[in-house]
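Novice: Could you look at this predicted model? Sequence included:
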Amino acid sequence: MNTLHIIRSSAFSSNDLQQALSLASENDSIVLTDDGVYNLNHPLLNKHTPHTIYCVEQHLIARGINDNLAAAT
């Protein structure tokens with residue numbers, strides 16, 4: 001069964017992303033929402049990850065994160 005992991009906090013101040021990545025199976029997806037969208041710039045996601053990463057577009061815009069970066073992830 002596939003799992004959807006929702007990350008709402010930045011990995012720069014929380015270990016939620018690290019825990020999700022360690023528990024997620026290869027077919028799981030990760031959604032970055034709220035301050036979790038800052039994780040697009042975190043080294044944990046700069047490594048090759050087999051997981052599909054989604055972001056809430058309005059949260060990217062609200063935090064001034066370039067949505068071209070999100071499209072590449």
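Specialist: On my side now, so go ahead.

Novice: Tell me where the chain has strands.
Specialist: In the chain, the strands defined using DSSP state E lie at 4-7, 29-32, 52-55.

Novice: so what's the most centrally placed residue in the chain closest to, chain neighbours aside?
Specialist: Taking CA atoms, centre = their mean, the centroid of the chain lies closest to L32, which sits 4.1 Å from it. In space, and not counting its chain neighbours, L32 is closest to C55: 4.7 Å by CB to CB, 6 or more residues apart in numbering. C-beta here means a position set from N, CA and C on the backbone, and glycine is covered the same way.

Novice: ok, the one you found to I6 distance?
Specialist: 11 Å (CB to CB, to the nearest Å).

Novice: for this structure, longest helix please?
Specialist: Using DSSP state H, we find that the single longest helix of the chain is helix 16-23.

Novice: for that helix, which positions count as buried?
Specialist: The neighbour-count check on helix 16-23 (16 or more other CB atoms under 10 Å) flags D16, L17, A20, L21 as buried.

Novice: And stretch 53-68, by the same measure?
Specialist: By neighbour count on 16+ other CB under 10 Å, the buried set for stretch 53-68 is I53, C55, V56, H59, L60, I65.

Novice: JSON lines for those residues, including distance to H42 and pLDDT?
Specialist: Below are those laid out as JSON lines (distance: CB to CB, whole Å; pLDDT from 0 to 100):
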{"residue": "I53", "distance to H42": "11", "pLDDT": "89"}
{"residue": "C55", "distance to H42": "13", "pLDDT": "92"}
{"residue": "V56", "distance to H42": "17", "pLDDT": "93"}
{"residue": "H59", "distance to H42": "15", "pLDDT": "94"}
{"residue": "L60", "distance to H42": "14", "pLDDT": "93"}
{"residue": "I65", "distance to H42": "12", "pLDDT": "88"}
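
Novice: Got phi/psi on the nearest residue to V56 once chain neighbours are set aside?
Specialist: Of all residues not flanking V56 in the chain, T33 sits nearest, at 4.6 Å (CB to CB, 6+ apart). T33 adopts backbone torsions of phi -140, psi 170, taken as degrees, to the nearest 10.
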